[in-house]
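Visitor: Here is a sequence with its predicted model. Questions after.
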Amino acid sequence: VPKEVVFETRLDIAFEMIVRHGKDFPHAWTLADDEFGRSADFRAALRDEGERYIVDVPSNTLVRDLEARRPPRRKAGRGRKKETPFCRAADWRERQAPARWQRLKVRNGEKGPLEVMALRVRVRGKEGGQVGPEETLLIIRTLEEQPKTSYSLTNASREVLLEELVRVKLERRRVEQFFEEAKGETGLAHYEVRGWQGWHHHITLALLALWFCLLEKERLGKKLQR
């Protein structure tokens, strides 16, 4: 590793990549898992850079529902706990009526249509005692026998439809599949190099090989349809 390369956290590396290469690779959204989404600083940096994001957050993220009527203030007397408008995202979800959820078809999958239940609400987050800017909490629940629930925050405007938010959020799974295929099919993670330059050569060639495979798959698929 060159001496001029210093330690950086994954969040710093990710943001640097967005700033350095974002304009060279046109994109509409930035997506990330909750390792990145739980960082208020990371989300703030994306907003300052003009990035539109949908990032996962933990279920215990504290949020305040901006669409609900706030209860009247009560003085905190002796022995009475101070009331707070903030609650865990998971607790807020459990209080929602079933009718509020929307069933959405995301896309056609190999085993049939991919459908999920989803809802959203305008919120303000709280982290480290600070109240953040207005964002949207997006909650998605699968329709499996044992459903999985995910929580995300986005700075998308109110005009963006729920269907679009869900579609974009679930695109991250395709990115993950891309790297899984690269590791399994073209040896992305199977390197045995000892040099900095050799590592970059291996990664570049593995990704180019996967790109070639994807183009061939698309070409053969169109040929078989004729």
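Guide: Happy to help now that I have it. This one's a predicted model, so the numbers in the text were calculated from it and none came from an experiment.
Visitor: drop to CA atoms for contacts and neighbour counts, all remaining ones
Guide: Will do.
Visitor: Nearest residue to the middle of the protein?
Guide: residue 55 (3.1 Å; CA atoms, centre = their mean).
Visitor: and that residue, that one's in a strand?
Guide: Yes - under DSSP: H, G, I helix; E, B strand; the rest coil, residue 55 falls within a strand.
Visitor: Quick check: the gap between it and residue 178.
Guide: Using CA to CA, to the nearest Å, residue 55 is found at 19 Å from residue 178.
Visitor: how would you label residue 208: helix, strand or coil?
Guide: helix.
Visitor: Distance-wise, check it relative to residue 37.
Guide: Note on residue 208: its distance to residue 37, by CA to CA, is 30 Å.
Visitor: Settle it for me: which of the two has more neighbours?
Guide: Shown here are residue 208 and residue 37; by other CA atoms under 10 Å, residue 37 has more neighbours (23 against 14).
Visitor: Identify the residue spatially nearest to the more buried one, adjacent ones excluded.
Guide: residue 55 (4.8 Å; CA to CA, 6 or more residues apart in numbering).
Visitor: so that neighbour bridges to which residues?
Guide: Applying DSSP bridges to residue 55 gives these bridge partners: residue 32, residue 153.
Visitor: Make sure it is actually in contact with residue 154.
Guide: Yes - between residue 55 and residue 154 a contact is recorded at 6.5 Å, counting by CA atoms under 8 Å.
Visitor: can you dump the C-alpha coordinates of the longest strand along the chain into CSV?
Guide: Secondary structure of the chain per DSSP state E: the longest strand is strand 112-127. The C-alpha trace of strand 112-127 is given here as CSV (Å, rounded to 0.1, in the frame of the first residue of the first chain):
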residue,chain,number,x,y,z
GLY,A,112,-43.8,-14.6,-10.2
PRO,A,113,-44.6,-11.0,-9.3
LEU,A,114,-42.6,-9.4,-6.5
GLU,A,115,-45.1,-7.8,-4.1
VAL,A,116,-44.6,-6.1,-0.8
MET,A,117,-46.5,-4.0,1.8
ALA,A,118,-45.3,-0.5,2.3
LEU,A,119,-46.0,2.8,4.0
ARG,A,120,-44.3,6.1,4.6
VAL,A,121,-44.5,9.1,6.9
ARG,A,122,-42.8,12.5,7.2
VAL,A,123,-40.5,12.5,10.2
ARG,A,124,-37.7,14.2,12.0
GLY,A,125,-34.9,11.9,13.4
LYS,A,126,-33.1,12.3,16.6
GLU,A,127,-29.5,11.3,17.3
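Visitor: For that strand, which strands pair with it and how are they oriented?
Guide: Counting by DSSP bridges, strand 112-127 is paired with strand 62-65 (antiparallel), strand 102-109 (antiparallel), strand 130-142 (antiparallel).
Visitor: and it, how far from the chain's centre?
Guide: 11 Å (CA atoms, centre = their mean, to the nearest Å).
Visitor: That one - what's its average pLDDT?
Guide: Here strand 112-127 scores 88 as its mean pLDDT.
Visitor: ok, back up a step: any idea how far the residue nearest to residue 37 is from residue 166?
Guide: 12 Å.
Visitor: pLDDT weak spots in this protein?
Guide: Low-confidence segments of the chain (pLDDT under 70): 70-83, 108-113, 222-226.
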